[in-house]
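In: With the input below, show me the fold.
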Amino acid sequence: MLNETRPAESAATARSDREFVRRETVVRPVPFVPEVNLHMAEDAIALWETTEDARGERGLPPPFWAFAWAGGVGVARYVLDHPELVGGRTVLDLAAGSGLVGIAAALRGAASVRAAEIDAYAVAAIGVNAEANGVRVDAAFADLLDGDGAPAEVVLAGDVFYERAMAARFLPFLERARARGAVVIVGDPGRAYLPRGRFTELAEYEVPVVADLEDAALKTTTVWSLAGG
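Out: Model prediction:
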């Protein structure tokens, strides 16, 4: 079930994006998080080329939405194992990709889940993935990083510290969310730009990943809570 907030575009375009996601992916359980089913691609490069052909332009972002990335898998696993974190609370899944983390929160009784993305295909993927799992996720095409994530009581983010520029925007956002009282949880598979001194470790997992996208078949992934300040 889906409530989409999309960029200025026709309903036909949004519907076409959802059909594209369904056509170019296969629904299957997520390794290490079998409670969740996602529309996932077999070949990252081939799908990337297909998305560019479908849009008629080059230089589109990679199809992050078509794979379960280690950071998100770690957060989803933690949420599923600790339902008290999200039960009855409002949740924001930031840079949501496939919507895996938000779906896990919805499955564990979150009062509401908003999943924010800046890729229209990802917004479509969040919608079809929520439907595949029988949950409601409000998918928003939005860059929220100049705000503080209000009114979400829990802010979840998987693997957002992989580039310096990204980290420079995400950390202040997460700190503002924490300062207003939100619980902030981040999953990270050892990326270079995570400021570990600002976080408290909650759990560590060995997460299976797509070897073509990472440098190994397993990634040690840590789930962190942003410390108060």
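
In: can you pull out the helices in the chain?
Out: 11-24, 44-55, 70-81, 100-107, 120-133, 164-179 (DSSP state H).

In: Export those as TSV, with columns for mean neighbour count and distance to residue 193.
Out: Glycine gets a C-beta too; all of them are placed from N, C-alpha and C. Shown next, in TSV, are the helices of the chain (neighbours: other CB atoms under 10 Å; distance: least, CB to CB, whole Å):
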stretch	mean neighbour count	distance to residue 193
helix 11-24	16	29
helix 44-55	15	22
helix 70-81	27	12
helix 100-107	30	20
helix 120-133	24	21
helix 164-179	16	4
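
In: Least confident of those, on average?
Out: Out of the helices of the chain, helix 44-55 stands lowest, with a mean of 86 (criterion: mean pLDDT).

In: Could you list the alpha-carbon positions for that helix in PDB?
Out: Output of helix 44-55 as PDB, limited to C-alpha atoms (Å, rounded to 0.1, in the frame of the first residue of the first chain):
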ATOM      1  CA  ALA A  44      23.600  -3.700 -11.900                       C
ATOM      2  CA  ILE A  45      25.300  -2.400 -15.000                       C
ATOM      3  CA  ALA A  46      22.700  -3.800 -17.400                       C
ATOM      4  CA  LEU A  47      19.900  -2.200 -15.300                       C
ATOM      5  CA  TRP A  48      21.700   1.100 -15.200                       C
ATOM      6  CA  GLU A  49      21.900   1.200 -19.000                       C
ATOM      7  CA  THR A  50      18.300   0.200 -19.200                       C
ATOM      8  CA  THR A  51      17.200   3.100 -16.900                       C
ATOM      9  CA  GLU A  52      19.100   5.600 -19.000                       C
ATOM     10  CA  ASP A  53      17.600   4.200 -22.200                       C
ATOM     11  CA  ALA A  54      14.100   4.400 -20.700                       C
ATOM     12  CA  ARG A  55      14.600   8.000 -19.700                       C
END
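
In: rewinding a little: would you mind putting the helices of the chain into TSV with distance to residue 92 alongside?
Out: Shown next, in TSV, are the helices of the chain (distance: least, CB to CB, whole Å):
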stretch	distance to residue 92
helix 11-24	21
helix 44-55	26
helix 70-81	12
helix 100-107	8
helix 120-133	13
helix 164-179	8
